[in-house]
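**Student:** Below are the sequence and a predicted model; questions follow.
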Amino acid sequence: MATVENKAKIKEIFSSIQGEGVYIGCKQIFVRFCACNLQCCYCDTDFYPTNINDSNTYFEFTPKELLDYLKEHFDIRSTHSISLTGGEPLIWVDFLKEFMPLFNKEFSDIKFYLETNATIADNAKEILPYTDILAGDVKLPSCSGVQNAFELHEKFYKIVADSVDKHGNTYSVRNKNSFAKVVFDDNIEDAEIDKVILLANHYDFEIILQPRMTDNKPAVNSEFMMNTFEKFVQRYKYTRLIPQVHKFIDVE
C-alpha cells in the first residue's frame, strides 16, 4: 500500500530582515505557509483556506525538498534564523515535525523562529522542542475581530509554560526567547489591556505593542501610541512599542 507523502503548501520563501518584535534587523529566511485558522481584520495576506486549492497560488514541498531548496537558493550560514510564518504554520504541524529536526541535523546553529497566532495549542506542543524563538500574536478583539482570542491564548501559553526548546531552555522573558506582538488601534479597551498584562505576567513573555498599519502608516497618532504604551509599561515593564520597521524602509 502506497504511503501519502508529507507535503506542505507554501506561499513564498525569501530572505530579508525581520521587521517586527525583539529581533528587528536580523537576517532571516522566511518560509511563509498557506492557510490560517483565523481571519483577522488587519491581515495583509491573501491565502485563506478557501483558495489554497488553486495550485497557481502556492508551492508544495516535502520536508526533504524544502531542505534541499533552502540549501540551493540561500546562504543559510549567514542567516540568523529560519522564520516559520504564514498564514499559520502550526496548521502544518506534521510537516514541521519532520522538517525541523531534519534541518537541525545539518544546521544545528541556525535558530528556528516560530511566528504563530498562538491559538493552536495541541499542535504547538509537537514542535516547541525544536523552536528557539517563539513569536506569538496576541489578538485584541477590538482590532482583530477574533472574539474568543484570550481563551485560545490561555490554553496555548499553558502548553508553552510546560515546554522547553531543543537546548533545554524554557520560553521566558529572562532568556529572551518568548514575546508576543499585540496589534492595536484606537479601539483598544482597558479590559483588553488588563487581559494581555495578566497573560504576560502569568506566562512570562515580553509584550511588543504594534500599531495597526494603514497604507504603510500607523493607524493611530504618536500621542495615542505613547498613551497606550504608558498604560502597559506602568504595570508590566517587559513592554516595548515597535511598529513594523520593514514597512518604513520598504523591504519585504
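**Tutor:** Cool, the structure landed.

**Student:** Strands along this structure, start to end?
**Tutor:** Here the chain has its strands, by DSSP state E, at 8-17, 27-33, 59-61, 81-85, 111-116, 133-137, 178-184, 206-211, 213-214, 217-218, 239-241.

**Student:** Now do the fourth one and strand 8-17, the angle between them.
**Tutor:** Okay, so that is strand 81-85. 130 degrees (axes from the mean of the first three to the mean of the last three CA atoms, to 10 degrees).

**Student:** Distance to residue 101, mean pLDDT and mean neighbour count added to the strands of the chain, as CSV?
**Tutor:** Glycine gets a C-beta too; all of them are placed from N, C-alpha and C. What follows is the strands of the chain, written out as CSV (distance: least, CB to CB, whole Å; pLDDT from 0 to 100; neighbours: other CB atoms under 10 Å):
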stretch, distance to residue 101, mean pLDDT, mean neighbour count
strand 8-17, 15, 95, 18
strand 27-33, 16, 97, 21
strand 59-61, 16, 94, 17
strand 81-85, 13, 98, 23
strand 111-116, 10, 97, 23
strand 133-137, 17, 96, 24
strand 178-184, 21, 96, 24
strand 206-211, 27, 96, 22
strand 213-214, 36, 85, 14
strand 217-218, 40, 86, 14
strand 239-241, 32, 96, 17
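
**Student:** could you dump these to CSV with distance to residue 105?
**Tutor:** Converted to CSV, the strands of the chain look like this (distance: least, CB to CB, whole Å):
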stretch, distance to residue 105
strand 8-17, 19
strand 27-33, 17
strand 59-61, 17
strand 81-85, 14
strand 111-116, 13
strand 133-137, 20
strand 178-184, 25
strand 206-211, 31
strand 213-214, 38
strand 217-218, 43
strand 239-241, 35
